[in-house]
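1. pasted the sequence and its predicted model underneath.
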Amino acid sequence: MKKKGGAAAAITSDQMYSIEENGHSGIGMRRFLMMENAGHGISDFITGKFKQQLKNKKIVAVCGTGNNGGDGLVAVRHLAGYGAKTSVVLLGSPSDIKSEEAKLNWGIVEKMDSVEIIFGKEVSDAVRKKILSADIILDGIFGTGIKREIKDPHASAIDAINKSKKAYVLAIDVPSGLDPNTGSVYDKVVRADATITFHRMKKGLVTKGARKYTGPVRVEWIGIPPEAERGVL
Ligand SMILES: NC(=O)C1=CN([C@@H]2O[C@H](COP(=O)(O)OP(=O)(O)OC[C@H]3O[C@@H](n4cnc5c(N)ncnc54)[C@H](O)[C@@H]3O)[C@@H](O)[C@H]2O)[C@H](O)CC1
Ligand SMILES: [K+]
C-alpha cells in the first residue's frame with residue numbers, strides 16, 4: 001500500500017488546480033470556502049504551535065495579490081481573535097488582488113481595527129522593520145501560481161523574511177520561491193520553519209533538498225470532496 005502524504009501521494013500544481021476546479025464548478029464546493037478552510041487551518045496550526053498564547057504576539061502576514069495571499073488574509077482574521085497584534089503587508093495595490101475570494105477577504109480585513117494594513121509596490125523601511133520585528137510571519141507571497149523571475153517588491157520581501165532572526169516563519173502552501181512541482185528555487189526562496197500545504201502533498205515539497213526551505217510539512221484537508229479527484233489522480 002502506498003503511504004498517504006509521502007512522495008508517492010504527492011501531486012503537481014496542475015493536478016491541484018484541476019481538483020480545485022472540479023470541487024468548485026462540478027460539486028459546488030466554492031473556492032471561497034476552500035480559502036476559509038485553508039486560512040483556518042493556518043490559524044489552527046499557529047494556535048496549536050503557540051498553545052494559544054498569542055496575546056500581543058506580533059503576527060505579520062506577507063501577502064501577494066493571488067490566492068496564496070488570500071489564505072493569509074483569512075488566517076490573520078482568525079488569529080486577531082486570539083489577541084495577537086496582527087498586520088497584513090500586501091505586496092501590491094488592493095486593486096491588483098486577482099480573485100473574487102481574495103477580494104472578499106480583503107474587504108473584511110479592511111474593516112477590522114484589529115488588523116493593521118500596509119500595502120504598496122515597494123518594500124519600504126517601515127515594512128522591513130515590521131517584518132523584522134514580527135514574532136510570527138505567515139508567508140503568503142507565492143503558492144502554486146508561481147511563474148517567472150522574482151523581482152521587487154517580492155524579492156525584497158523574501159530577503160526581509162529570511163533576515164528575521166526571531167520570527168517563527170510558516171509558509172502557506174509552498175515556501176515562496178520554491179517550484180511546487182520540481183522543488184527548484186526560482187531566484188530566492190523563503191526559508192520557513194514549517195509549511196502547511198493544502199489538500200495533498202505537492203511534488204516539489206518532497207524533493208531532495210527542499211526540506212531546508214520547507215521545514216516539516218503538514219498536509220491540511222480543506223474540505224474539497226475526495227470525489228473532485230476523479231479523473232485527475
Ligand atoms: N485547492 C487549493 O489547494 C487551494 C489553494 N488556495 C491557495 O491558492 C494558491 C494559488 O493561488 P493563485 O492565485 O493561483 O497563485 P499564487 O497566489 O501562488 O500566485 C500569485 C500571483 O502572482 C503571480 N506571479 C507568479 N509568479 C510571479 C512572479 N515571479 N512575480 C510576480 N508575480 C508572479 C501569478 O500570476 C499569480 O496571479 C495556493 O498556493 C493556495 O495557497 C486557495 O486558497 C484555495 C484552494
Ligand atoms: K507561500
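-> Alright, I've got the coordinates. Ligands and ions are numbered 1, 2, ... in the order given.
2. only C-alpha atoms for contact and neighbour calcs from this point on.
-> OK.
3. element containing the closest residue to G223 other than its chain neighbours?
-> Leaving out its chain neighbours, the residue that sits closest to G223 by CA to CA, 6 or more residues apart in numbering is M34, at 6.5 Å. Following DSSP states H and E, one finds M34 within helix 31-49.
4. quick one: that helix near ligand 1?
-> Yes - using CA under 6 Å from any ligand atom, helix 31-49 reaches ligand 1 at R31, M34, M35.
5. relative to E149, how far out is the residue nearest to G223?
-> 28 Å (CA to CA, to the nearest Å).
6. count of neighbours near I141?
-> I141 has 32 neighbours, counted by other CA atoms under 10 Å.
7. model confidence for the closest residue to it other than its chain neighbours, exactly?
-> Nearest-residue entry for I141: G64, 4.3 Å, with adjacent residues in sequence omitted and distances by CA to CA, 6+ apart. The per-residue pLDDT reported for G64 equals 98.
8. tell me the phi and psi of G64?
-> phi -80, psi -180 (degrees, to the nearest 10).
9. helix/strand/coil for V62?
-> strand (DSSP: H, G, I helix; E, B strand; the rest coil).
10. isn't it up against I136?
-> No - under the criterion of CA atoms under 8 Å, V62 is not in contact with I136, lying 10.7 Å apart.
11. what residue, apart from its backbone neighbours, is nearest D96 spatially?
-> T65 (6.2 Å).
12. help me confirm that that neighbour is found in a strand?
-> No - using three-state DSSP, the secondary structure at T65 is coil, not a strand.
13. hang on, isn't it packed against E100?
-> No - the criterion here is CA under 8 Å, and T65 misses it with E100 at 11.4 Å.
14. thinking again about what came up before, name the residue in M34 and E149 with the higher neighbour count.
-> Neighbour count, other CA under 10 Å: between M34 and E149, M34 has more, with 22 against 10.
15. model confidence for that one, exactly?
-> 98.
16. check contacts around it.
-> By CA atoms under 8 Å, 6 or more residues apart in numbering, the contact list for M34 reads I222, G223, I224.
17. G69: what's it in contact with?
-> V62, C63, L90, A102, G140, I141, F142.
18. burial measure for the nearest residue to V123 once chain neighbours are set aside, as a count.
-> Ranked by CA to CA, 6+ apart and with sequence neighbours excluded, the top spatial neighbour of V123 is P153, at 5.7 Å. Counted with other CA under 10 Å, the burial measure for P153 works out to 17 neighbours.
19. right, and P153 touches V127 too?
-> No - between P153 and V127 there is no contact under CA under 8 Å: 10.8 Å.
20. partner residues bridging the most centrally placed residue in the chain?
-> Centroid-nearest residue in the chain: I172, 2.5 Å away (criterion: CA atoms, centre = their mean). Taking DSSP bridges as the rule, I172 bridges to I196.
21. my read: it touches L138, true?
-> Yes - counting by CA under 8 Å, I172 touches L138, with 6.8 Å between them.
22. now do the shared contacts for those two.
-> Counting by CA under 8 Å, 6+ apart, the residues touching both I172 and L138 are G72.
23. how long is stretch 177-187 end to end?
-> 7 Å.
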